[in-house]
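Q: okay, predicted coordinates and the sequence, questions at the end:
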Amino acid sequence: MQQTADRTVAGQSADPVLSIRSLSVTFVGSGKPIPAVRGVDLDVFENEVLGIVGESGSGKSVTALAAAGLLPGSARIEGSIVLAGRNVVTADADDLRRMRGQDIGVVFQDPSTTLNPLLPVGRQIVEGEVAHGRLAPVAGHARAVELLREVDIADPENRARQFPFQFSGGMRQRAVIAMAMAGRPKVIIADEPTTALDVTVQAQVLALLALRQKETGAAVVLITHDLGVVAEVAHRVAVMYGGRIVETGAVRDIFAHPRHPYTAALLRSAPRIDVTGDRLDPIPGQPPTPTDMPAGCAFHPRCAVSAGRERCRTEAPPLRPVGAQIAACHFAEETTVASAGIPASARTPL
Amino acid sequence: MIGFVIRRLLHLIPVLIAASALIFFMMYAVPGGPVAVLVGENATPEQIAEATRQFGLDKPVVLQYVEWLWRALNGDLGVSLHSRVPVLQLIGERLPATLQLAATATVIGLALGIPMALVSALAQGSWLDRVLSGWSALALGVPTFWVGILLILLFAVELRLLPAASTYVPFWEAPWQMLRATILPALTLGLYVSGIFARFLRGSLIAELNADYVRTARSKGLTEGAIVARHVMRNAMLPFVTIVGIMLAGFIGGAVVTEAVFTYPGLGRLVIQAISSRDYPLIQGSILVILAIYILINLLVDVLYVYIDPRIDFG
């Protein structure tokens, strides 16, 4: 019954290290329940970078945080998330705690708030390892220095003793990457890791993340709204819209031949520096709110291909193989590539 | 660190001088005067003139202030008009009692308030949280004189366990006696501040529990207990020490009502007695001492701040 969104992607032979099936996440509070994720299937394999792309509210961060078991108590989670052989959804608090650090690590968006301002950076980096008994407290400093050196921080010996406010934004995010990798986790969730950074620092941090991924062979799930970031470091990409994956496949295939009108529109809307005088082509309308999801295909009110077609308004399109990738569009074959063929990687001087 | 403390202590001098001037001239502006107190109601004009000259009250007020200040700087705060005892001696008798009561009350407040805040914040929205929040509102809202009277009725009158009137017994001389003598007023004040402490700390704990670094700590696989102890508590302490300092300082001169209910020999009652008997040197002296302690406690809070938060420089 489950359709694996990634089945057609070649080059992945081993079992996935993270396997998400029929994931639905609904936030229940005082008001109306908010369905943030509405049925996501996703596999992540070791030694790859999977980019999850989407606008705010598309469910990309919720999906990734669910994998780390980090959603707040107000989240109702259905489906299964199997991480390194264990189901995160049904795991008890102690199991979940043990999986963190060793199976999964997280790099959050804003390094100025993700670190505790009152504790030395080095201590925070190795804290998890010490707490799990995998590192003796006396060896903490030496290990922190080693980890800081691995993320290219100069003078790690002294830096480990400093506090977050003594670090620049880019250095803080490097430290957070070191922290997420301290337990050599199999999967690293990077939730918009460069969004809060200066443009000049973004590329460095991204390159570091890619380098450390290659060195450790970990799987990285990179959440971003920036196609340029995906083009730069991801091997595969899953495009999310309205709490669902609408298209997934290898980065080069999707950038060359987007099959979902939303992906094509995203590529068209990304600014590029290789084409001068070209006007940006934003997607008309607003992303749907989770509490007020359009019937049928969630994208149809903004879709050029749909153009008032009855089927788009009434029938939610399932993911199906189209070309080299999988897309969820009734008329995927009609999505042309004319306007989206140039990789967005050329858009910023990364 | 030592330089920081010394610098801050030097700041104390101009503040105290300004405050003393304010106190001095404010009392000068108040109708009536020390002479009336000195000579009594049926004094002849000659007696009044004599007393005025004797106490230097015929000199210009600015000169009187300068002379008073000069003597104060030399450790002489004058003589009480009422009891003819040096002001400094009177304050010296009351100050240890006040400090002891204030410290005991604050310890009780912290011992009750911190666990209440922790339980409330960690079980936010639960019935336990609601009960504890209701309790802290009650502790805050019920007047201390009433709590004091209830405690006297219960422990002194009904159970006959503790004395109704409290006396000052130095802790280091007879700890057990001291506890017996001080526990009721300390409990009265402690219950009151525990409500403030619990309320305030609950708020900052909840704010800190929602901070991003807590999610980070969770993503590292720390237990909730370790997250609270190592990360949340320290951050929540920053605003909390300010409140504790303010409340502790407030007890130095402001526990008048409780001191009166228990006839406790504290500074607050001394000031009230001084004011009602127009004992000018005593009013001036004791307010000055209370102010100095207030500022010292604030300095202590600032030092704690620097100790807790690495971002704050010894500036």
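A: Yep, it's here.
Q: just say helix, strand or coil for the residue in the stretch 201-350 of chain A that chain B sits nearest to.
A: In the stretch 201-350 of chain A, no residue comes nearer to chain B than residue A:221, which is 13.4 Å away by C-beta to the nearest C-beta. Every C-beta, even on glycine, is put in place using the N, C-alpha and C of the backbone. In three-state terms, and counting by DSSP: H, G, I helix; E, B strand; the rest coil, residue A:221 is strand.
Q: run through the bridge partners of it.
A: residue A:50, residue A:189 (DSSP bridges).
Q: pretty sure it contacts residue A:43?
A: No - checked against C-beta atoms under 8 Å, the pair residue A:221 and residue A:43 is beyond contact range at 10.9 Å.
Q: could you name every residue contacting both of these two?
A: residue A:18 (C-beta atoms under 8 Å, 6 or more residues apart in numbering or on different chains).
Q: mind listing what's buried in stretch A:59-78?
A: For stretch A:59-78, a neighbour-count test (16 or more other C-beta atoms under 10 Å in any protein chain shown) marks A:59-71, A:75, A:77 as buried.
Q: before we move on, what about stretch B:258-269?
A: Neighbour-count burial for stretch B:258-269, counted by 16+ other C-beta under 10 Å, picks out B:258-259, B:261-262, B:264-269.
Q: ditto for stretch B:132-142
A: For stretch B:132-142, burial by neighbour count (16+ other C-beta under 10 Å) applies to B:132-133, B:135-136, B:139.
Q: go through the residues you listed and flag which are in helices.
A: B:132-133, B:135-136, B:139 (DSSP state H).
Q: the closest residue to chain B within the stretch 151-300 of chain A - nearest residue in space that isn't next to it in sequence?
A: In the stretch 151-300 of chain A, the residue that lies nearest chain B is residue A:163 (4.4 Å; C-beta to the nearest C-beta). Nearest residue to residue A:163 in three dimensions, chain neighbours excluded: residue B:310, at 4.4 Å (C-beta to C-beta, 6 or more residues apart in numbering or on different chains).
Q: how many neighbours does that neighbour have?
A: Here the number of neighbours of residue B:310 (other C-beta atoms under 10 Å in any protein chain shown) works out to 16.
Q: same check, this time on residue B:27
A: 17.
Q: what does chain B put close to chain A?
A: For chain B, the residues in contact with chain A (C-beta under 8 Å from any C-beta of the partner chain) are B:211-213, B:215-223, B:226, B:230-231, B:234-235, B:308-311.
Q: how is the chain carved up into domains?
A: Answering for chain A, as no chain was given. A:1-103+A:185-350, A:116-183 (automatic domain parsing).
Q: chain B was what I was after
A: B:2-86, B:88-308.
Q: deepest-packed of these, please.
A: Burial of the domains of chain B is given as mean neighbour count (mean count of other C-beta atoms under 10 Å in any protein chain shown); domain B:88-308 ranks first at a mean of 19.
Q: now do the same end-to-end measure for that domain.
A: End-to-end distance for domain B:88-308, by C-alpha to C-alpha, to the nearest Å: 36 Å.
Q: now do that domain: distance to the chain's middle.
A: 9 Å (C-alpha atoms, centre = their mean, to the nearest Å).
Q: residue ranges in chain A under the pLDDT threshold?
A: Under the criterion pLDDT under 70, the flagged ranges of chain A are A:1-13, A:271-280, A:336-350.
Q: so which residues of it form helices?
A: Going by DSSP H, chain A shows helices at A:60-67, A:93-102, A:111-114, A:121-131, A:140-150, A:156-159, A:169-181, A:199-216, A:227-233, A:251-256, A:261-269, A:310-314.
Q: got those helices as a markdown table, with distance to chain B columns?
A: Below are these laid out as a markdown table (distance: least, C-beta to the nearest C-beta, whole Å):
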| stretch | distance to chain B |
| --- | --- |
| helix A:60-67 | 9 |
| helix A:93-102 | 3 |
| helix A:111-114 | 4 |
| helix A:121-131 | 3 |
| helix A:140-150 | 13 |
| helix A:156-159 | 14 |
| helix A:169-181 | 7 |
| helix A:199-216 | 16 |
| helix A:227-233 | 21 |
| helix A:251-256 | 27 |
| helix A:261-269 | 28 |
| helix A:310-314 | 38 |
